[in-house]
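Visitor: Whatever this is, show me its structure:
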Amino acid sequence: MKCFVTGASGFIGGNLVRLLVQQGHTVRILVRGSSNLRGLEGLSSKDYETIRGDVLDKRSVEQGVAGCDWCFHAAASYHLWLADYRPMFQTNVDGTHNVLEAAQAAGCSRIVYTSTVGCIGITHETGLSEPPANESTDPFPQNLTNAYKRSKWLAELKAREFIKNGAPIVIVCPTAPIGPYDVKPTPTGKVILDFLRGEMPAYLETGLNWVHVRDVAQGHILAAEKGRIGERYILGHAEGNWMMKDTFTVLADITGLKAPKIKIPYKVALAAAYVNEAISHFTGKPPKAPIAGVKMAAYRMFFDPSKAIKELGLPQTPPRQALEDAIQWFRENGYTQK
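Guide: All right, here's what the predicted structure looks like:
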C-alpha cells in the first residue's frame with residue numbers, strides 16, 4: 001500500500017515508518033523543516049518520500065496524501081506544561097481536521113487516527129473495585145485535567161464527525177509506549193531515564209499500562225488492515241497494568257540499580273507542582289513536576305486491550321522486554337550520562 005504518515009519524527013510515528021518500510025509498503029512522510037529525524041536513523045532517504053510542511057499547512061497535507069491508499073495521522077503536540085497552550089490546540093484540533101479532510105478527499109481506503117487513552121473514561125476505582133477501562137467509555141469531566149487531554153478529546157470529536165460523514169476512519173488509543181527511538185524522550189520514557197540517571201530519589205504512586213512501542217506501531221498497521229470503520233482500539237498490553245512501585249522493582253532487577261523507596265503523598269506533590277509552575281511562569285522553563293502530571297497520577301491508568309488483541313491480533317511483547325529495549329537504546333545513544 002502507499003501510505004502517508006504524519007508525526008514521522010515522533011516516537012510512535014518513527015517506529016511506524018520503520019515497520020511500514022520493512023513490510024514492503026511505500027511510505028510518504030510529512031515533517032517540518034525543523035524536525036529532528038534521529039528517530040528514523042538507519043533508514044535511507046530512498047526508503048520513504050519526504051514532504052516538508054505542517055499539519056496546519058493544508059497545501060502540504062494535500063500534497064502528502066495525494067494518491068495514497070492509507071493515511072496514518074500520528075502527529076500531535078504533547079506537552080504537560082506550556083507557557084501558551086494555543087499552539088497545542090491548533091496542532092491537535094485544527095491540524096487533525098486538515099489531515100482527515102484531505103485524506104477523505106484523496107480517497108484513502110483507511111485513515112488511522114492516533115488518539116490517546118486520555119480520551120477514555122477512568123475512575124479512582126479503575127483497577128481496584130472496577131476492572132480496567134475499555135473503549136466503551138468516553139472521558140469524564142474529571143479526566144480532562146490538562147490541556148493536552150482536552151485538545152485530544154476535541155480532536156477525537158472531530159474524527160467522529162468525519163466518520164458520520166462517511167470517512168473510513170479507525171481510531172487507535174495507545175497506552176504508555178516504551179522502547180527504542182524515544183528521541184525526545186516522551187514523558188513515559190523520561191520516567192525510565194530519570195531512574196537510570198539516579199535522579200528519582202522518591203516517586204508518586206500511580207498505575208500505567210506499559211506497552212512496547214513496536215506493538216503500538218504494528219497496531220496502527222493492523223487497524224488499517226482489519227480495523228472496523230468508526231471503532232476505536234486500545235493499543236496496550238493485557239498484562240501491562242503495573243503500579244509505579246512494581247515498575248521500579250522490575251527496573252531495579254534489570255539494571256541492578258536501587259529502586260526509590262520514598263513514596264510522595266499526593267497532596268504534597270500537588271502543592272509542590274503549583275509552586276514549580278508559578279516559578280516556571282517567571283523563568284519560562286518547564287517545571288520539573290507539572291500540575292497536569294500530578295493530577296493524572298491521581299488515577300490508576302489501567303486499560304483493557306482485549307478488543308485490539310481479539311479483532312486486530314495486536315502483538316503482546318512482554319512489558320519487561322519493552323523496558324529492557326528502552327534501557328538498551330537510551331544507554332547505547334548516550335542518554336544515561338548526566
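Visitor: does Asn276 really touch Pro290, like I thought?
Guide: Yes - shown here, Asn276 and Pro290 form a contact pair, counting by CB atoms under 8 Å, at 7.3 Å. C-beta here means a position set from N, CA and C on the backbone, and glycine is covered the same way.
Visitor: any idea of the pLDDT on the residue lying closest to Val170 once chain neighbours are set aside?
Guide: Leaving aside its sequence neighbours, Val170 sits nearest to Gly227 (CB to CB, 6 or more residues apart in numbering; 3.5 Å). The model reports Gly227 with a pLDDT of 98.
Visitor: do Pro290 as well
Guide: The model's pLDDT for Pro290 equals 86.
Visitor: Run through the residues that contact it.
Guide: For Pro290, the contact set (CB atoms under 8 Å, 6 or more residues apart in numbering) comprises Leu80, Trp81, Ala273, Asn276, Glu277.
Visitor: Nearest to Glu130 among those?
Guide: Nearest to Glu130 among those, counting by CB to CB, is Leu80 at 25.6 Å.
Visitor: The closest one: neighbour count?
Guide: Leu80 has 19 neighbours, counted by other CB atoms under 10 Å.
Visitor: all helices for the chain, in order.
Guide: 11-22, 58-65, 86-89, 95-105, 147-164, 187-197, 213-226, 244-255, 266-283, 291-297, 306-312, 319-332 (DSSP state H).
Visitor: Met1 is nearest to which of those?
Guide: Ranking these by proximity to Met1 (CB to CB) places helix 213-226 first, at 7.6 Å.
Visitor: Touching the closest one from outside, list them.
Guide: Residues from elsewhere that reach helix 213-226 (CB under 8 Å, 6+ apart): 1, 11-12, 15-16, 18-20, 23, 70, 72, 74, 110, 112, 114, 170, 172, 174, 177-182, 233, 235, 237, 308, 311-317, 322.
Visitor: can you rerun that using 7 Å?
Guide: For helix 213-226, the external contacting residues (CB atoms under 7 Å, 6 or more residues apart in numbering) are 11-12, 15-16, 19-20, 70, 72, 110, 112, 170, 172, 174, 177-179, 233, 235, 308, 311-317.
Visitor: What is the distance between stretch 289-302 and the centre of its chain?
Guide: In terms of CA atoms, centre = their mean, to the nearest Å, the centre of stretch 289-302 is found 15 Å from the chain centre.
Visitor: Tell me which residues of that stretch come out buried.
Guide: 289-297, 299-302 (16 or more other CB atoms under 10 Å).
Visitor: May I see the residues you listed arranged in CSV, with distance to Asn98 as well?
Guide: Shown next, in CSV, are the buried residues of stretch 289-302 (distance: CB to CB, whole Å):
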residue, distance to Asn98
Ala289, 34
Pro290, 28
Ile291, 30
Ala292, 26
Gly293, 29
Val294, 33
Lys295, 30
Met296, 28
Ala297, 33
Tyr299, 32
Arg300, 35
Met301, 30
Phe302, 34
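Visitor: where in the stretch 201-338 of the chain is pLDDT low?
Guide: By pLDDT under 70, the low-scoring segments of the stretch 201-338 of the chain are 338.
Visitor: in this structure, what residue sits furthest out from the centroid?
Guide: For the chain, the residue at maximal distance from the C-alpha centroid (CA atoms, centre = their mean) is Phe282, at 29.3 Å.
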